[in-house]
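Asker: sequence first, predicted coordinates after that:
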Amino acid sequence: MTLKLGVIGTGAIGQEHIRRCSKVLQGAQVVAVSDINVEGAKAALARIGIEAEVFANGHDVVKSPNVDALLVTSWDPTHEEFTLAAIEAGKPVFCEKPLAMSAEGCRRIVDAEIKFGKRLVQVGFMRPYDSGYRALKEVITKGEIGEPLMLHCAHRNPTVPESYTTDMAITNTLIHELDVLRWLTEDDYKSVQVVFPRSTSKTHAKLRDPQVVLFETRKGIRIDVEIFVNCAYGYDIQCEVVGEEGIAKLPEPSAVQMRKDAKLSTSILTDWKDRFIDAYDVELQAFINDATAGKLTGPSAWDGYAASVAADACLKAQESGAIEPVELPQRPAFYNN
Ligand code: NAI
Ligand code: NAD
Ligand code: ISE
């Protein structure tokens, strides 16, 4: 059976996901797309070399009788609306991160899904599908470094556009760590503080960059995450776990080592599309398989909600400078495996 997909948002990642669902993965076909930039959507389909119906409004994609499942890859503030519409239509939906702009918005999605009575939402948290993160988790789970005590992490992008503001370092960028570090440590956040070092001259008036986010978890693990989105030199994701008996570090992406001109060097990637290319393939193949089988198993609406509860506390901490509590309610039984 072929799962017929509708894609809302044909920008950078929308095009990447259309390409992989059409040319790389098995069991799906993109039959409809929409973007507020309709000409851009048509040009994207032509570039990728597929034919699909182009709608001016994402809600028409959701309602189309030809569409079995949705990919929401439009701008962050539009995710909640389209995910709620997909649930109302009873169609599985893969929604890029963040699930919504606040915990309150995510909660509306969680409540709608529970009311529907069956999981329909997978959030685009791809790092748990990354082979490096999986290897790191295995080391921790097997007890090879003893109990984790501290994590030192960095999320660095080479540059961001003028439209990217201080809050987006949390809601658009740190949101990946907010999810993956819960998954990695099997723990939840207790409190958070945000501190601002001296700003880089490469930033602009509406973005304080870099930022350092400091967490304490319920088990007492201390986590520091540097977010630096104008780091200039590359796209660089770091995660080091300090345990009682040793230290485990996220592997670097493989790259050829060069000896040339009296230098020993390896290249650093510059784009998230390349850094997590395999993880995106695996997460979407899982969504296609699970949606076809009628049982979603990937990052859930509850995971999206949990990350956004922490994100809300981070946003508060950016403003207050104080240590802010992170108060995640008990997970409903609906989300137990
Ligand atoms: P983008 O700006 O390239 O694309 C967004 C697209 O959404 C644009 O084409 C825009 O015209 C369209 N759009 C906005 N409002 C719309 C509406 N109401 N109806 C239809 N189309 C609409 O942004 P990008 O980088 O592709 O990001 C899109 C989403 O993907 C974001 O939510 C972002 O957080 C997420 N993302 C996830 C990544 C990951 O690693 N999982 C990586 C990059 C982005
Ligand atoms: P983008 O701006 O390149 O693309 C978004 C597209 O969505 C645009 O073409 C825009 O016109 C369209 N769009 C916006 N609102 C829409 C709506 N209501 N209906 C239909 N289309 C709409 O952004 P992007 O980089 O592709 O990011 C898209 C989403 O993917 C974001 O939510 C982002 O957070 C997420 N993302 C996640 C990762 C990841 O690593 N998981 C990477 C990139 C992007
Ligand atoms: C982008 O939307 C992503 O999700 C990337 O993975 C992240 O590194 C980047 O900071 C975001 O803007």
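Answerer: Nice, thanks for sending it over. Given the structure is predicted, the values throughout are model-derived calculations rather than measurements. Ligands and ions are numbered 1, 2, ... in the order given.
Asker: what's next to stretch 42-62, contact-wise?
Answerer: Identification of contacts with stretch 42-62 by Cβ atoms under 8 Å, 6 or more residues apart in numbering yields 6-10, 14-15, 18-19, 22-23, 30-35, 38, 41, 64, 66-67, 70, 72, 74, 78, 82, 85-86, 89, 91. No exception for glycine: its C-beta is placed from N, CA and C like everyone else's.
Asker: quick check: closest non-adjacent residue to Phe116.
Answerer: Nearest residue to Phe116 in three dimensions, chain neighbours excluded: Ile87, at 5.6 Å (Cβ to Cβ, 6 or more residues apart in numbering).
Asker: and that neighbour, how many neighbours does it have?
Answerer: By the criterion of other Cβ atoms under 10 Å, Ile87 has 23 neighbours.
Asker: where's it, which helix or strand?
Answerer: Element membership of Ile87 [criterion: DSSP states H and E] is helix 79-89.
Asker: which strands and helices sit next to that helix?
Answerer: helix 58-63, strand 69-72, strand 93-95, helix 103-116, strand 121-123 (3 or more Cβ pairs under 8 Å, 6 or more residues apart in numbering; DSSP states H and E).
Asker: and the strands in the stretch 101-250 of the chain?
Answerer: In the stretch 101-250 of the chain, the strands defined using DSSP state E, counting those that start in this stretch lie at 121-123, 148-156, 189-195, 211-217, 222-228, 236-243, 247-249.
Asker: please name the residues that touch the closest residue to ligand 1 within the chain.
Answerer: Across the chain, no residue is closer to ligand 1 than Gly11, which sits at 1.9 Å (Cβ to the nearest ligand atom). The contact partners of Gly11, taken as Cβ under 8 Å, 6+ apart, are Asp35, Gly40, Thr73, Ser74, Trp75.
Asker: neighbours of the residue in the stretch 51-200 of the chain that ligand 3 sits nearest to, how many?
Answerer: Nearest residue of the stretch 51-200 of the chain to ligand 3: Thr173, at 3.5 Å (Cβ to the nearest ligand atom). The local packing of Thr173 (other Cβ under 10 Å) involves 22 other residues.
Asker: check whether it really touches Cys153, as I assumed.
Answerer: No: if you go by Cβ atoms under 8 Å, Thr173 and Cys153 don't touch, sitting 11.9 Å apart.
Asker: show me which residues of the stretch 51-200 of the chain are close to ligand 2?
Answerer: Contacts of the stretch 51-200 of the chain with ligand 2, taken as Cβ under 6 Å from any ligand atom, map to Gly58, Thr73, Ser74, Trp75, Asp76, Thr78, Glu96, Lys97, Gly124, Met126, Asn172.
Asker: so Glu226 bridges to which residues?
Answerer: Judged by DSSP bridges, the bridge partners of Glu226 are Ala154, Val212.
Asker: now do it, the pLDDT please.
Answerer: Predicted confidence (pLDDT) at Glu226: the value is 99.
Asker: quick one, helices of the chain?
Answerer: 12-19, 38-48, 58-63, 79-89, 103-116, 131-141, 168, 175-185, 272-275, 277-293, 301-320 (DSSP state H).
Asker: turn those into TSV, including distance to Asn336 and mean pLDDT.
Answerer: Putting the helices of the chain into TSV (distance: least, Cβ to Cβ, whole Å; pLDDT from 0 to 100) gives the following:
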stretch	distance to Asn336	mean pLDDT
helix 12-19	29	98
helix 38-48	39	98
helix 58-63	28	98
helix 79-89	20	99
helix 103-116	12	98
helix 131-141	19	98
helix 168	33	98
helix 175-185	16	98
helix 272-275	32	98
helix 277-293	17	98
helix 301-320	10	98
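Asker: can I get those helices in a markdown table with distance to ligand 3?
Answerer: What follows is the helices of the chain, written out as a markdown table (distance: least, Cβ to the nearest ligand atom, whole Å):
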| stretch | distance to ligand 3 |
| --- | --- |
| helix 12-19 | 7 |
| helix 38-48 | 18 |
| helix 58-63 | 19 |
| helix 79-89 | 12 |
| helix 103-116 | 17 |
| helix 131-141 | 13 |
| helix 168 | 7 |
| helix 175-185 | 6 |
| helix 272-275 | 4 |
| helix 277-293 | 10 |
| helix 301-320 | 12 |
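Asker: and the helices and strands packed on helix 79-89 as CSV, adding distance to Pro251?
Answerer: Formatted as CSV, the helices and strands packed on helix 79-89 follow (distance: least, Cβ to Cβ, whole Å):
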stretch, distance to Pro251
helix 58-63, 38
strand 69-72, 29
strand 93-95, 27
helix 103-116, 31
strand 121-123, 24
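Asker: a markdown table please, covering these and showing distance to Val192 and mean neighbour count.
Answerer: What follows is the helices and strands packed on helix 79-89, written out as a markdown table (distance: least, Cβ to Cβ, whole Å; neighbours: other Cβ atoms under 10 Å):
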| stretch | distance to Val192 | mean neighbour count |
| --- | --- | --- |
| helix 58-63 | 33 | 21 |
| strand 69-72 | 27 | 26 |
| strand 93-95 | 24 | 28 |
| helix 103-116 | 14 | 19 |
| strand 121-123 | 20 | 28 |
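Asker: what about stretch 261-268, start to end distance?
Answerer: Start-to-end span of stretch 261-268 (Cα to Cα, to the nearest Å) is 18 Å.
Asker: near ligand 3, which residues of the stretch 151-300 of the chain?
Answerer: So the stretch 151-300 of the chain meets ligand 3 at Asn157, Asn172, Thr173, His176, Val229, Trp272 (Cβ under 6 Å from any ligand atom).
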